[in-house]
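S.K.: Any chance you could fold what I've pasted below:
(one chain, ligands or ions: 2)
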Amino acid sequence: MAPSSYGLSRQTQIYLSGLQGQRPRFPVDVEQLEQAAHAAMSPEARGYLSGMTESMQNNRAAFERWHIIPRMLRDVSERDLSISLFGKQYPTPLLLAPIGVQSIVHTDGEAGVARAAAAVGIPLIFSTASTIPLEHMAEAMGDAPRWFQLYWSKDADFNASILARAEQAGCEALVVTLDTYLLAWRAQDIQNAYLPFLLGQGLGNYLSDPAFRRALPRPPEEDPQAAINYFLQIFTNPSLTWNDLTWLRNHTRLPILLKGILHPDDAQKALDAGIDGLIVSNHGGRQVAGAIASLDALPPIAQVVNGQIPLVLDSGIRRAADVIKALALGAQAVLIGRPYMWGLALGGEEGVKEVLMNFLADLDLTLALSGYRSWTEVCADTLTRA
Ligand SMILES: Cc1cc2nc3c(=O)[nH]c(=O)nc-3n(C[C@H](O)[C@H](O)[C@H](O)COP(=O)(O)O)c2cc1C
Ligand SMILES: O=C(O)C(=O)c1ccccc1
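M.R.: Ligands and ions are numbered 1, 2, ... in the order given. Down below sits the predicted model:
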């Protein structure tokens, strides 16, 4: 992979545009970006995207308890930000988290995010709960890398069918989300009595699926309500256990990552089951109020896993320094969630692109200024406890 120059070229381009009187169109500072995006959204979409605020603050506090100790005079003129996962090379350790119902914040929705991810070169994880079918997102991305996230439903035929479709659409890995087998008590959504599926949003993969359609009394075009009801009936499956993972292995050739692992004993169970990777995540603080911050869960999990399989972290990644902290504590990659949705809410596809290009520039410069040329050099010594 070519040495990185994300940072310097982006800075130069922005400063030069400034000479022509042009300023960035969207807030560069991530807190201001969030505020501006919140102001641009409907109260229902804002409530849905935010979820539970106290668990999110817990995630942020965990990042703030670690500080980077920059190192000097180490020739960082050429940098390589790339990583390799499951035998594939990716340009940076960033991927876009699977986020359902993107259509509620902007009409560009999933297609806009897919085009932006492909343009910027950050792999995208398709959510099962996308408003458009995964094939449409794949088409919008050309050859750019994508993974698929599965909400493991009660309908085995649908599960098998959607896994085959994801493989067919060029997804390179399968993320199985374990922490959302019920939707949490989310006060804002309950207050707004708002669930996007009831309005037909987020059902693209279901309505287009032959197995799902076979289970309906009439086609969804004739009887949308019956389709929504069936979706609500099968969407999640709280009866799953570790034994069910064999079914998955028999239905996909892709590497399997489990998303939502927070306890080292669960990490051990995943290793015993022959799982290929873990996503250490508390679902962006959206499921269990008072859950451990994912960054705090990472070191004990990294100890158990001991390099046997890749670890990915999400929940609270907001800027480059957070990525360095996660990698120093044992992750090989991270997922960005809400920040790209804020870009989408403010500027559709262009907004997502801008947020991601700023993130990459920050990542390149912060890695260099911390004294590192590549991720292999980042380790426990990189950080100190605040
Ligand atoms: C609006 C919204 C929808 C989400 N939908 C999904 C989903 O469909 N599948 C999934 O595995 N995770 C979903 N997540 C969780 C994200 O994948 C990710 O774990 C979380 O957003 C990361 O935290 P961050 O937003 O702080 O970066 C969703 C998160 C949000 C904010
Ligand atoms: O809202 C969520 O956090 C989430 O994961 C989800 C669940 C179902 C459909 C879409 C998103």
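S.K.: How much space separates the nearest residue to residue 85 once chain neighbours are set aside from ligand 1?
M.R.: Counting by Cβ to Cβ, 6 or more residues apart in numbering, residue 85 lies nearest to residue 310, which is 5.4 Å off, once chain neighbours are set aside. Bear in mind the C-beta positions are built from the backbone N, C-alpha and C, glycine included. Using Cβ to the nearest ligand atom, to the nearest Å, residue 310 is found at 16 Å from ligand 1.
S.K.: do residue 274 as well
M.R.: As judged by Cβ to the nearest ligand atom, residue 274 and ligand 1 stand 21 Å apart.
S.K.: Number the residues from 39 up from this point.
M.R.: Noted, 39 is the first residue going forward, which turns the last one into residue 312.
S.K.: which ones are touching that residue?
M.R.: residue 287 (Cβ atoms under 8 Å, 6 or more residues apart in numbering).
S.K.: what's the average pLDDT for the helix or strand hosting residue 377?
M.R.: According to DSSP states H and E, residue 377 maps onto helix 376-407. The average of the pLDDT scores along helix 376-407 is 98.
S.K.: Now do the contacts for the most centrally placed residue in the chain.
M.R.: Geometric centre of the chain, nearest residue: residue 135, 0.9 Å, by Cα atoms, centre = their mean. When contacts are counted by Cβ under 8 Å, 6+ apart, residue 135 touches 163, 322, 352, 373-375.
S.K.: how about a cut-off of 6 Å?
M.R.: Shown in contact with residue 135 (Cβ atoms under 6 Å, 6 or more residues apart in numbering): 352, 373, 375.
S.K.: next one: residue 86
M.R.: Applying Cβ under 6 Å, 6+ apart, the residues contacting residue 86 are residue 227.
S.K.: quick one, the host helix or strand of it and helix 376-407 angle?
M.R.: Element membership for residue 86 (DSSP H and E) is helix 81-88. In terms of direction (axes from the mean of the first three to the mean of the last three Cα atoms, to 10 degrees), helix 81-88 departs from helix 376-407 by 40 degrees.
S.K.: Could you pull up the mean pLDDT of helix 81-88?
M.R.: 97.
S.K.: picking up where we left off before, the residue nearest to residue 123: neighbour count?
M.R.: By other Cβ atoms under 10 Å, the residues close to residue 348 number 20.
S.K.: One more: residue 347?
M.R.: Using other Cβ under 10 Å, residue 347 has 19 neighbouring residues.
S.K.: on that earlier part again, so the residue nearest to residue 123 sits right up against residue 122, yeah?
M.R.: No: the pair residue 348 / residue 122 is not scored as a contact, 9.3 Å apart, by Cβ atoms under 6 Å.
S.K.: Show me which residues of the stretch 189-338 of the chain are close to ligand 1?
M.R.: By Cβ under 6 Å from any ligand atom, the residues of the stretch 189-338 of the chain that approach ligand 1 are 215, 297, 319, 321-322, 324.
S.K.: Any of those buried? List them.
M.R.: For these, a neighbour count by 16 or more other Cβ atoms under 10 Å gives the buried set as 215, 297, 319, 321-322, 324.
S.K.: Just give me the closest of those to residue 146.
M.R.: Ranked by distance to residue 146 (Cβ to Cβ), these are led by residue 322 at 21.3 Å.
S.K.: tell me the secondary structure for the closest one?
M.R.: Taking DSSP: H, G, I helix; E, B strand; the rest coil as the rule, one finds residue 322 in the helix state.
S.K.: Contacts only, for it.
M.R.: Contacts for residue 322 (Cβ under 6 Å, 6+ apart) come out as 353, 375.
S.K.: Confirm that residue 274 sits in a strand.
M.R.: No: counting by three-state DSSP, residue 274 is not found in a strand; it is coil.
S.K.: about what we covered before: could you measure from the residue nearest to residue 123 over to residue 302?
M.R.: Distance, residue 348 to residue 302, using Cβ to Cβ, to the nearest Å: 16 Å.
S.K.: before we move on, what about residue 414?
M.R.: Distance, residue 414 to residue 302, by Cβ to Cβ: 24 Å.
S.K.: So for these two, which sits in the more crowded spot?
M.R.: residue 302 (16 against 10).
S.K.: Next one: the more buried one from residue 349, what distance?
M.R.: Separation of residue 302 from residue 349 (Cβ to Cβ): 12 Å.
S.K.: For the helix holding residue 377, buried residues please.
M.R.: By 16+ other Cβ under 10 Å, the buried positions in helix 376-407 come out as 376-406.
S.K.: Now residue 374, what are its backbone angles?
M.R.: Note on residue 374: backbone dihedrals following degrees, to the nearest 10 are phi -100, psi 130.
S.K.: nearest to residue 76, of the buried ones among the residues of the stretch 189-338 of the chain next to ligand 1?
M.R.: For these, the nearest to residue 76 is residue 322 (15.2 Å; Cβ to Cβ).
S.K.: thinking again about what came up before, and for residue 348 and residue 122, which residues touch both?
M.R.: Contact criterion Cβ under 6 Å, 6+ apart; residues shared by residue 348 and residue 122: none found.
S.K.: Who are the contact partners of the closest residue to residue 297 other than its chain neighbours?
M.R.: Spatial nearest neighbour of residue 297, chain neighbours left out: residue 317 (3.9 Å); criterion: Cβ to Cβ, 6+ apart. Counting by Cβ under 6 Å, 6+ apart, residue 317 touches 295, 297, 350.
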